[in-house]
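Undergrad: Sequence and predicted structure are below.
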4 protein chains.
Amino acid sequence: MNLNNNKSKIKILISKKTGKTYYSDILKDFHCKEGFIKKEDLSSNERIIYSNINREFLMFEASNYDYALKIKRGPQIILPKDLGYIISRTRVNKEFKIVEAGGGSGGATSFFAGIAKKVHTYEIIKENYELIKKNLEYLKIKNVKLTKGDLTEHIEKEKDIDLLFLDMPDPKIILEKNLSGIKNGHYIVCYLPSISQISDLVNFIESVEYLYFEEISEIILRHWKINSRISRPEHRKEIDHTAFLVFIRKI
Amino acid sequence: MNLNNNKSKIKILISKKTGKTYYSDILKDFHCKEGFIKKEDLSSNERIIYSNINREFLMFEASNYDYALKIKRGPQIILPKDLGYIISRTRVNKEFKIVEAGGGSGGATSFFAGIAKKVHTYEIIKENYELIKKNLEYLKIKNVKLTKGDLTEHIEKEKDIDLLFLDMPDPKIILEKNLSGIKNGHYIVCYLPSISQISDLVNFIESVEYLYFEEISEIILRHWKINSRISRPEHRKEIDHTAFLVFIRKI
Amino acid sequence: MNLNNNKSKIKILISKKTGKTYYSDILKDFHCKEGFIKKEDLSSNERIIYSNINREFLMFEASNYDYALKIKRGPQIILPKDLGYIISRTRVNKEFKIVEAGGGSGGATSFFAGIAKKVHTYEIIKENYELIKKNLEYLKIKNVKLTKGDLTEHIEKEKDIDLLFLDMPDPKIILEKNLSGIKNGHYIVCYLPSISQISDLVNFIESVEYLYFEEISEIILRHWKINSRISRPEHRKEIDHTAFLVFIRKI
Amino acid sequence: MNLNNNKSKIKILISKKTGKTYYSDILKDFHCKEGFIKKEDLSSNERIIYSNINREFLMFEASNYDYALKIKRGPQIILPKDLGYIISRTRVNKEFKIVEAGGGSGGATSFFAGIAKKVHTYEIIKENYELIKKNLEYLKIKNVKLTKGDLTEHIEKEKDIDLLFLDMPDPKIILEKNLSGIKNGHYIVCYLPSISQISDLVNFIESVEYLYFEEISEIILRHWKINSRISRPEHRKEIDHTAFLVFIRKI
């Protein structure tokens, strides 16, 4: 985990006039519509910095969250509101081994990798596989094993799984397999956009002895705008429906 | 982090007839209204187990989440929906040093400790301090430094803070201090139940140069009941309002 | 519509000390744990009134809403949040003829009757029928025709329907009938608690030519507590899930 | 109330291919990108109709709701979710006299007029006044008295008010006046977008004897997409934050 090395590379610039946020690489001079800033200035510790046309910018270092926002996105990414609840509801810790099917663009993968000991990600689509690989390299993440392939064919060989995360339309095809590689009492989390998918899944779970269905949750995020005059939910910044989270236990 | 040692100690029992969930210590015989189970049976790997009066129970091992639910609670606990978003929005990872004021009963503390490298918790109330200490011992958490005292008096000595978490009614008294111990670009998260508290806080933040106000979020959790016949939000199991989360960056 | 005659009969009393709300009939002396008030005093125009043990009460006249809260309740009542949206989304006005199946305890019936020209309510269960009858009498509502019977058997005889409201688990049994009594372009609204019920219904609607499926809505009500110090959503006063509203047009 | 006369004038056309909804005046031929339909055909009772380029359309009559959607909009309109709850929570009926300040573009006005006996609307801005006037004419509404002026100067002359509706940033300027024209126990409803506005208002209400503060509500509307395969909340069709509704009683 050496994101910290990365961190010296990007600075956040926020224009006082427009409120716009820019990401600048400190190894290069920065250009935007609001002017030009030399790389020497980007490396300074100043909080307030001025472009050549005298526009004022707030300047500070990029966080892990900023780096995560910068990864290349292919398929729809899983949002922090959902990722966070998966972690807190299954109580992931730094001893965990997580196995994941449907890596997408590596958003969940890289978040899990920052927390867990080891993540093993299966991705069946070549373009996504290449994207995840590139994003993990960009974020300098070392504790992810990335397999191009179908978890259905590999789940029975996986051992000592602390958390199985399934971002796929029909998780039943995995859950029908021998799941003895998942630790007793531990969680399988399914990420499913539609109620009808969950209905099918729950029916299946109730028909087998080795799975216990524990919770279906939906996380709704609301942003607020609060200052000295205004205090109300943001207009048109609500995060819409993403998916429901289904928590199942291996028994 | 050796919660795993713990894990052999508690088994979850779910009654087929009543649906009730029981926690049983495998070192002791288990008694409840639905009968008696010997400790030898609790230690077995059976999924289905019967009490002396022939009641059927599903049996599996407690998860970290179950252990966390079992800690003694004094003041109101911060819920997984909020804890998860703090982690995912600030992108906490296993290299983080977290400093926290207002430990409560140690719920957030123990969750953070499972993920971060080091947590330093300040708690001003003696009863709460003792409760946190006991809960951290129960959960066998070793990477928390617990200080009985007021963070206001100590914040200027803290160094290399990756995340500052403030669960206190008036976080301004901390934010007025010299915050050079917080890394540039990193987050301060305030947990505040009331809009009026946030309004005051935002006014203060906008008056100082070294803080950048980034986001106010509210996380709403909705549980669903879905089976072959029913698919609707749970009645009366919604988690109510807890608090708003304010994300501020040190610059 | 002579609810106004009623209105002189009940006064609201709110205790200054306990904040409790009492309903008092002005034709009778009022007794509660906080003392005794004579009927002569209840008829006065005073805003502040004192019981014999000197407890202070705010006093004012009951509104239509208060009278509606006082009706006897059998089956679950449809809440204002849902009733209001039915009215505003279908734009009910005082020229409307509404036909309703599943009267429950007459909550929706009496609300509709206050607005529409005429309401025709079908209720199949004897106890509910008697309850609705009693409640309509109590509220002195005259423009409701109440039929003990199954709308399935009567819908083909109904004429000039402006709005058909179906509060029943399987509205399809009505929608399969000849619906030429519903005006062209007008609405059928179904009140259904479960997504799976709606899924079945929508499939049916899409299979027939004379119905157009327009909208499925869920109304969520949130109460707030705001005063000089506090401003947050109410704890444990949120109204839970009731049902989804399905808007269909007759064509 | 003769919206029904209007109703023969507009037909709804929904394209089978694109799903697009068109409004067509039956007195004119209809033209769109999907072809041409003669006015004689628009007047027919056919459900399915074809354009000259053989595109299929579902055809049915406009509802009151459709007419309301067609009015010219100036300032932001109050949405059905909020209008409905105002009606149901204060139990408006066809005997009501409603007084309203801040008519906007007449959306609330025309909705109230369909239900109440009489609506008296005050609008201070000339452009809005003209817009409301035009919209009421278009909708053929006769029971609204529209005054160009400031309610602050007229409220003390108004009599027998059943509901006072205030859509204005600082309703206190009205509430400070002599409100004896509002019936005892009846409601004043304020429509306020920001928590801070409500906080000020509640402080004022608690300082006077003749007002009782009853409820602050927020109505959240969620649209669902449900068919044979999909069942989930709509993406990006959620209705955002509009305003909070404050219910106050005159005593």
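TA: Received it, and whenever you're ready, just let me know what you need.

Undergrad: which parts of chain A sit against chain C?
TA: For chain A, the contact set with chain C under CB under 8 Å from any CB of the partner chain comprises A:I195, A:S196, A:S199, A:S231. C-beta coordinates here come from the backbone N, C-alpha and C atoms, glycine included.

Undergrad: how close does the second one sit to D:E234?
TA: As defined by CB to CB, to the nearest Å, A:S196 lies at a distance of 15 Å from D:E234.

Undergrad: cool, the first one as well?
TA: Taking CB to CB as the criterion, A:I195 is separated from D:E234 by 13 Å.

Undergrad: Settle it for me: which of the two has more neighbours?
TA: A:I195 (24 against 16; other CB atoms under 10 Å in any protein chain shown).

Undergrad: Please name the nearest non-neighbouring residue to the more buried one.
TA: Computed as CB to CB, 6 or more residues apart in numbering or on different chains, the closest residue to A:I195 that is not its neighbour in sequence is D:S231, at 4.0 Å.

Undergrad: who does that neighbour bridge with?
TA: D:I226 (DSSP bridges).

Undergrad: List the contacts of it.
TA: By CB atoms under 8 Å, 6 or more residues apart in numbering or on different chains, the contact list for D:S231 reads A:S194, A:I195, A:S196, B:S231, C:I195, C:I198, C:S199, D:W224, D:K225.

Undergrad: Let me know the secondary structure of A:E209.
TA: Secondary structure, DSSP: H, G, I helix; E, B strand; the rest coil: A:E209 is coil.

Undergrad: Can you tell me the closest non-neighbouring residue to it?
TA: Counting by CB to CB, 6+ apart, the residue nearest A:E209 is B:R47, at 5.9 Å.

Undergrad: Quick check: the one you found vs B:Y65, distance?
TA: Distance from B:R47 to B:Y65, by CB to CB: 20 Å.

Undergrad: Tell me which of these two has more neighbours.
TA: B:Y65 (21 against 14).

Undergrad: That one sits in which helix or strand?
TA: helix B:64-69 (DSSP states H and E).

Undergrad: just checking, what packs against that helix?
TA: helix A:80-90, helix B:3-6, strand B:10-15, helix B:107-115 (3 or more CB pairs under 8 Å, 6 or more residues apart in numbering or on different chains; DSSP states H and E).

Undergrad: out of those, which comes closest to D:K159?
TA: helix A:80-90 (52.5 Å; CB to CB).

Undergrad: Spell out whether the closest one and chain D are in contact.
TA: No: judged by CB under 8 Å from any CB, helix A:80-90 stays clear of chain D, getting no closer than 14.0 Å.

Undergrad: Distance from the chain centre to that helix, please.
TA: 10 Å (CA atoms, centre = their mean, to the nearest Å).

Undergrad: Now do that helix: everything it contacts.
TA: So helix A:80-90 is contacted by A:92, A:107-108, A:111-112, A:115, A:163, A:165, A:186-187, A:189, A:191, A:215, A:217, A:219-221, A:239, A:242-243, A:245, A:247, B:63-65, B:80-81, B:83-89, B:111, B:115, B:219, B:221 (CB under 8 Å, 6+ apart).

Undergrad: what about the nearest residue to A:N54 once chain neighbours are set aside, how many neighbours?
TA: Distances taken as CB to CB, 6+ apart place A:G35 nearest to A:N54, at 7.6 Å, with adjacent residues excluded. When neighbours are defined as other CB under 10 Å, A:G35 has 15 of them.

Undergrad: same thing with A:N64?
TA: Around A:N64 there are 26 residues (other CB under 10 Å).

Undergrad: Hmm, it is touching A:G114, no?
TA: Yes: between A:N64 and A:G114 there is a contact at 7.0 Å, judged by CB atoms under 8 Å.

Undergrad: Please say whether there is contact between the helix or strand where A:F247 lies and chain B.
TA: Using DSSP H and E, A:F247 sits in strand A:244-250. Yes: using CB under 8 Å from any CB, strand A:244-250 reaches chain B at A:F244, A:R249, A:K250.

Undergrad: Now the two most distant members of the contacts of D:S231.
TA: B:S231 and D:K225 (14.3 Å).

Undergrad: how about the residues of the stretch 151-251 of chain A near chain D?
TA: Proximity of the stretch 151-251 of chain A to chain D (CB under 8 Å from any CB) is limited to residues A:193-196, A:229-236, A:238, A:240-241.

Undergrad: Could you measure from the residue lying closest to A:N227 once chain neighbours are set aside over to A:I226?
TA: Spatially, and ignoring its direct neighbours in sequence, A:N227 is nearest to B:V202 (5.5 Å; CB to CB, 6+ apart). Distance, B:V202 to A:I226, by CB to CB: 5 Å.

Undergrad: more neighbours, the two?
TA: A:I226 (26 against 20).

Undergrad: Surely that one and B:S199 touch.
TA: Yes: using CB under 8 Å, A:I226 is in contact with B:S199, at 5.6 Å.

Undergrad: picking that back up, can you name the residues that contact the residue nearest to A:E209?
TA: Contacts of B:R47 (CB under 8 Å, 6+ apart): A:E209, A:Y210, A:I251, B:L58, B:M59, B:F60.

Undergrad: and which of the residues you listed is nearest to A:I174?
TA: A:Y210 (12.9 Å).

Undergrad: list the contacts for the nearest residue to that closest one once chain neighbours are set aside?
TA: With CB to CB, 6+ apart as the criterion, A:Y210 has its nearest non-adjacent residue at 5.8 Å, and that residue is A:I251. Going by CB under 8 Å, 6+ apart, A:I251 touches A:N184, A:G185, A:E209, A:Y210, A:L211, A:Y212, B:R47, B:L58, B:M59, B:F60.

Undergrad: want to throw those into a markdown table with distance to D:I155 and pLDDT?
TA: Converted to a markdown table, the contacts of A:I251 look like this (distance: CB to CB, whole Å; pLDDT from 0 to 100):
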| residue | distance to D:I155 | pLDDT |
| --- | --- | --- |
| A:N184 | 71 | 94 |
| A:G185 | 67 | 93 |
| A:E209 | 71 | 91 |
| A:Y210 | 71 | 95 |
| A:L211 | 65 | 95 |
| A:Y212 | 63 | 95 |
| B:R47 | 72 | 92 |
| B:L58 | 67 | 92 |
| B:M59 | 70 | 94 |
| B:F60 | 68 | 93 |
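
Undergrad: Tell me which entries of those lie within strands.
TA: Counting by DSSP state E, the members of the contacts of A:I251 that fall within strands are A:N184, A:G185, A:L211, A:Y212, B:L58, B:M59, B:F60.

Undergrad: The fourth one against A:I248, yeah?
TA: Spelled out, it's A:Y212. Yes: look at A:Y212 against A:I248 with CB under 8 Å: they come within range, at 6.9 Å.

Undergrad: anything in contact with each of these two?
TA: Counting by CB under 8 Å, 6+ apart, the residues touching both A:Y212 and A:I248 are A:I205.

Undergrad: What helices and strands are in contact with the strand holding A:F247?
TA: helix A:80-90, strand A:182-192, helix A:195-207, strand A:211-226.

Undergrad: So which of the ones you listed is nearest D:S15?
TA: Per CB to CB, nearest to D:S15 of the helices and strands packed on strand A:244-250: helix A:195-207, 27.1 Å.

Undergrad: If you count neighbours, what's buried in the closest one?
TA: Residues A:I195, A:S196, A:Q197, A:I198, A:S199, A:D200, A:L201, A:V202, A:I205 are the ones in helix A:195-207 that count as buried (16 or more other CB atoms under 10 Å in any protein chain shown).

Undergrad: Pull the number of nearby residues for the closest residue to A:K159 other than its chain neighbours.
TA: Spatial nearest neighbour of A:K159, excluding adjacent residues (CB to CB, 6+ apart): A:G181 at 5.0 Å. By other CB under 10 Å, 18 other residues sit near A:G181.

Undergrad: what's near enough to touch A:G181?
TA: Contacts of A:G181 by CB under 8 Å, 6+ apart are A:I155, A:E156, A:K157, A:E158, A:K159, A:D160, A:I161.
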